[in-house]
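> mind folding the following:
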Amino acid sequence: MGSKPRIHLMDHDVIVVGAGPVGARLATMLAERGVDVLMLEEHASIGRPFQCAGLVNPWSMEQVGLTNTVLQEIDGATIHGPHHASVSVGVPGETRTSAVCRNRFDEGVVHQALKAGAQLQLSTVATGLLAIDGEGWRIHHRQGSTSGTTTCRLVVGADGAHSRVRHWLRSGRPKEMMIGNQVEVTGFETEHRWLEMFTGSSIAPGFFAWAIPTGFGTHRVGLWSAPDRLDEASPEALLHALMHTSRHAPRFEGCQIVARYCGPIPGGMVRRPVRERAMLFGDAAGLAKPTTGGGIGPGFKQVAMVADALAEAIHADRLSEPALKKLSRPWDDLRRHQTRARALRNLFLTESDDDTLERHVAVFAQPEVTAMINRLGDIEHPVPLGIEMLRKVPSFRPLALKAGWAMLTG
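Residues are numbered from 1 along each chain as shown. Here you go, the predicted structure:
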């Protein structure tokens with residue numbers, strides 16, 4: 001009979017650095033499977049500050065059941081071209097995504113982790129990692145003026161776009177790092193259960209701006225772009241121009257800003273999300289969607305793909321880098337999907353000048369193309385729709401040749 005693995009004496013099985021929704025979801029699923037998990041969160045409260053548009057897709061919401069945090073369900077979007085064209089996509093009454101209260105949503109996911117048996121330390125900043133002879137890690141941390149250390153057999157970096165854990169592990173950087181700026185306003189109007197997207201080089205170079213209804217008469221208005229496309233502009237200046245000098249400015253007259261948010265958006269999984277007794281999840285792994293910048297859906301997928309196998313590996317102390325690489329092979333699908341989604345985004349949006357982008361929006365507005373979008377459109381899985389349009393919409397066939405068909409479909 002084989003002997004049981006020797007479980008090394010550590011303070012915890014797993015330390016998750018970062019108690020955002022992805023780190024907390026991982027903590028929940030591991031704790032439910034008998035793993036001793038500690039979450040370290042640098043902020044004094046959960047869900048603050050939040051740095052995204054606060055959209056959660058139906059699949060992700062099903063995982064956690066936090067429908068009480070939904071402020072507004074969203075059925076579709078109106079996309080505005082740089083000049084005059086616009087198109088509305090979506091089906092009234094069919095929820096595509098939901099705008100949530102991020103404070104309550106994040107708190108809810110963390111509460112589920114605590115209920116499952118995970119532990120939480122707030123106002124605790126991880127300041128360093130020290131490997132313990134292939135047995136685990138010593139995490140150096142600071143809480144106010146007090147410094148200390150805690151040990152674990154597996155360390156998880158779920159500490160956001162500028163992850164310290166990723167830096168300490170030398171895991172590489174996300175393929176691209178975008179920046180965004182967002183305000184919450186009163187006094188703006190959109191169609192019921194509909195968000196709006198604004199495109200154009202003077203609004204969000206290579207990307208888009210948005211207005212998302214959040215219930216109670218408020219909207220989140222923001223934009224994202226890549227730093228190398230901004231020249232001397234800033235996201236703040238571009239957002240001000242959208243609201244005050246663009247062709248859409250009259251719609252923002254009378255709006256009052258009640259909150260401001262900003263933050264980085266990492267896109268493209270890092271080169272080495274797995275190291276010896278260490279893993280990266282969510283934004284720390286570079287998993288924000290290249291098409292929208294959202295990170296909750298991909299992060300929850302990443303967790304769901306490995307949670308069962310990871311819990312077994314922790315209990316058996318099979319946490320070497322080769323073992324964790326084998327366990328995380330399902331993530332290869334996430335990486336491939338990101339690559340294709342980024343290529344399609346570049347084709348249809350990022351690499352298009354304003355005149356080309358205007359033509360694209362006009363094509364989207366053709367009834368048969370709008371019907372295709374409504375049939376195949378999925379905020380989490382844009383690749384099937386993009387490939388179908390390249391195949392079947394004559395106006396987009398030159399894009400297919402430009403893309404390199406093998407890269408998109410291989």
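> how does the protein divide into domains?
In terms of domains, the chain is parsed into 12-335, 339-409 (source: automatic domain parsing).
> give the rounded mean pLDDT of the strand or helix carrying Lys402.
For Lys402, the element it lies in under DSSP states H and E is helix 397-403. Average pLDDT, helix 397-403: 74.
> so what touches it?
Ala343, Leu344, Leu347, Phe348, Leu390, Arg391, Leu408 (C-beta atoms under 8 Å, 6 or more residues apart in numbering). Where C-beta positions appear, they are placed from N, C-alpha and C, glycine not excepted.
> just name the most buried of the domains of the chain.
Compared across those, domain 12-335 shows the largest average neighbour count, a mean of 19 (mean count of other C-beta atoms under 10 Å).
> where exactly do the helices run in the protein?
With DSSP state H as the criterion, the chain has helices at 21-32, 58-64, 102-116, 164-169, 235-244, 296-316, 321-327, 331-345, 354-364, 367-376, 383-392, 397-403, 405-409.
> now find how far off-centre the first one is within its chain.
Okay, so that is helix 21-32. With C-alpha atoms, centre = their mean, to the nearest Å as the basis, helix 21-32 stands 16 Å off its chain's centre.
> and the angle for it with helix 102-116?
Angle of helix 21-32 versus helix 102-116, following axes from the mean of the first three to the mean of the last three C-alpha atoms, to 10 degrees, is 10 degrees.
> model confidence over helix 21-32, on average?
Here the average pLDDT along helix 21-32 is 98.
> so what's the nearest residue to Phe198 once chain neighbours are set aside up against?
Spatially, and ignoring its direct neighbours in sequence, Phe198 is nearest to Ala209 (4.3 Å; C-beta to C-beta, 6 or more residues apart in numbering). For Ala209, the contacting residues are Met197, Phe198, Thr199, Ile203, Val221, Gly222, Leu223, Leu238, Leu239, Leu242, by C-beta under 8 Å, 6+ apart.
> I figured the third one hits Leu357, correct?
Yes - if you go by C-beta atoms under 8 Å, Thr199 and Leu357 touch, sitting 5.6 Å apart.
> what's the overlap in contacts for the two?
With contacts defined as C-beta under 8 Å, 6+ apart, the residues shared by Thr199 and Leu357 are Gly81, Pro82, Leu349.
> ok, and what's touching stretch 30-40?
Outside of stretch 30-40, the residues within contact range by C-beta under 8 Å, 6+ apart are 11-19, 23-24, 27, 110, 113, 116-121, 124, 126, 139, 141, 150, 152, 307-308, 310-311, 314-315.
> where's that stretch relative to the chain centroid, distance-wise?
For stretch 30-40, the distance to the chain centre is 23 Å (C-alpha atoms, centre = their mean).
> how about the spatially most central residue of the chain: what's its closest non-neighbour residue?
Residue closest to the mean C-alpha point of the chain, counted by C-alpha atoms, centre = their mean, is Gly295 at 1.0 Å. For Gly295, ignoring the flanking residues on the chain, the nearest one in space by C-beta to C-beta, 6+ apart is Ala288 at 4.3 Å.
> what backbone torsions are found at Gly187?
Main-chain torsions, Gly187, degrees, to the nearest 10: phi 90, psi 0.
> and stretch 113-122, C-alpha only, in PDB?
Extracted as PDB, the C-alpha positions of stretch 113-122 are listed here (Å, rounded to 0.1, in the frame of the first residue of the first chain):
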ATOM      1  CA  ALA A 113     -16.400  32.300   1.700                       C
ATOM      2  CA  LEU A 114     -16.600  33.000   5.400                       C
ATOM      3  CA  LYS A 115     -19.700  30.800   5.700                       C
ATOM      4  CA  ALA A 116     -17.800  28.000   4.000                       C
ATOM      5  CA  GLY A 117     -15.100  28.200   6.600                       C
ATOM      6  CA  ALA A 118     -12.500  30.600   5.000                       C
ATOM      7  CA  GLN A 119     -10.900  33.300   7.200                       C
ATOM      8  CA  LEU A 120     -10.400  37.000   6.400                       C
ATOM      9  CA  GLN A 121      -7.900  39.600   7.500                       C
ATOM     10  CA  LEU A 122      -8.800  43.200   6.400                       C
END
